[in-house]
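1. coords please:
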Amino acid sequence: MMNRRFLGRLVASLAAVWALAGAGAVHAADEAPDAMVQRLSTEVLDALRADKSIKAGDLDKVIALVDKTIMPNVNFRRMTAAAVGPGWRKASPEQQKRLQ
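-> Sure thing, here's the model as predicted:
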């Protein structure tokens with residue numbers, strides 16, 4: 001069975017995509033944000049169900065799935081800036097880089 005930490009990371013990534021879809025950070029020219037989130041969720045869940053090594057907790061496979069499916073659709077710089085709040089502008093470029 002997949003380690004809960006790996007699954008938690010995947011679920012957190014999906015939640016981030018969902019949250020950013022409403023904020024306009026994640027978008028596709030011809031796809032509504034809710035449709036994109038639904039499509040990505042379906043793709044990830046289908047991959048989880050189909051890949052035995054992911055079910056066994058293969059971290060490399062989980063990371064590859066997240067990198068392929070979720071990462072191209074998330075603006076982590078903007079998400080981090082929103083999470084940090086006003087302090088983001090006060091942080092040095094090096095501090096901002098470390099936070100991402």
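2. in whichever strand or helix holds Met79, what's buried?
-> Per DSSP states H and E: Met79 is located in helix 76-84. Within helix 76-84, the residues scored as buried using 16 or more other C-beta atoms under 10 Å are 79, 81. In this view, the C-beta of every residue, glycine as well, is placed from N, C-alpha and C.
3. contacts for the very next helix or strand once past it?
-> Counting by DSSP H and E, the element after helix 76-84 in chain order, helix or strand, is helix 87-90. Contacting residues not belonging to helix 87-90 are listed as 80-81, 96 [C-beta atoms under 8 Å, 6 or more residues apart in numbering].
4. export helix 87-90 as CSV, just CAs?
-> The C-alpha coordinates for helix 87-90 follow below in CSV (Å, rounded to 0.1, in the frame of the first residue of the first chain):
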residue,chain,number,x,y,z
GLY,A,87,6.4,39.5,3.8
TRP,A,88,7.1,38.1,0.3
ARG,A,89,8.0,41.5,-1.0
LYS,A,90,10.4,42.1,1.9
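5. Which residue of the chain lies farthest from its centroid?
-> The C-alpha centroid of the chain is most remote from Lys90, which lies 25.7 Å away (C-alpha atoms, centre = their mean).
6. State the distance from Gln100 to Arg78.
-> 10 Å (C-beta to C-beta, to the nearest Å).
7. hang on, the earlier thing: what helices or strands is the helix holding Met79 leaning on?
-> When contacts are defined as 3 or more C-beta pairs under 8 Å, 6 or more residues apart in numbering; DSSP states H and E, helix 76-84 sits against helix 4-23, helix 93-99.
8. mean pLDDT lowest for which of the ones you listed?
-> When the helices and strands packed on helix 76-84 are compared on mean pLDDT, helix 4-23 scores lowest, with a mean of 64.
9. buried sites along the helix or strand hosting Ile63?
-> Under the criterion of DSSP H and E, Ile63 resides in helix 59-69. Within helix 59-69, the residues scored as buried using 16+ other C-beta under 10 Å are 61-62, 65-66, 69.
10. Just the CA atoms of that helix, as PDB, please.
-> Provided in PDB are the C-alpha atoms of helix 59-69 (Å, rounded to 0.1, in the frame of the first residue of the first chain):
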ATOM      1  CA  LEU A  59       8.500   7.600  -4.500                       C
ATOM      2  CA  ASP A  60      10.200   8.000  -7.900                       C
ATOM      3  CA  LYS A  61       7.000   7.000  -9.700                       C
ATOM      4  CA  VAL A  62       4.900   9.300  -7.500                       C
ATOM      5  CA  ILE A  63       7.200  12.200  -8.200                       C
ATOM      6  CA  ALA A  64       7.200  11.500 -11.900                       C
ATOM      7  CA  LEU A  65       3.400  11.400 -11.900                       C
ATOM      8  CA  VAL A  66       3.200  14.700 -10.000                       C
ATOM      9  CA  ASP A  67       5.900  16.300 -12.300                       C
ATOM     10  CA  LYS A  68       4.100  15.200 -15.400                       C
ATOM     11  CA  THR A  69       0.500  15.800 -14.500                       C
END
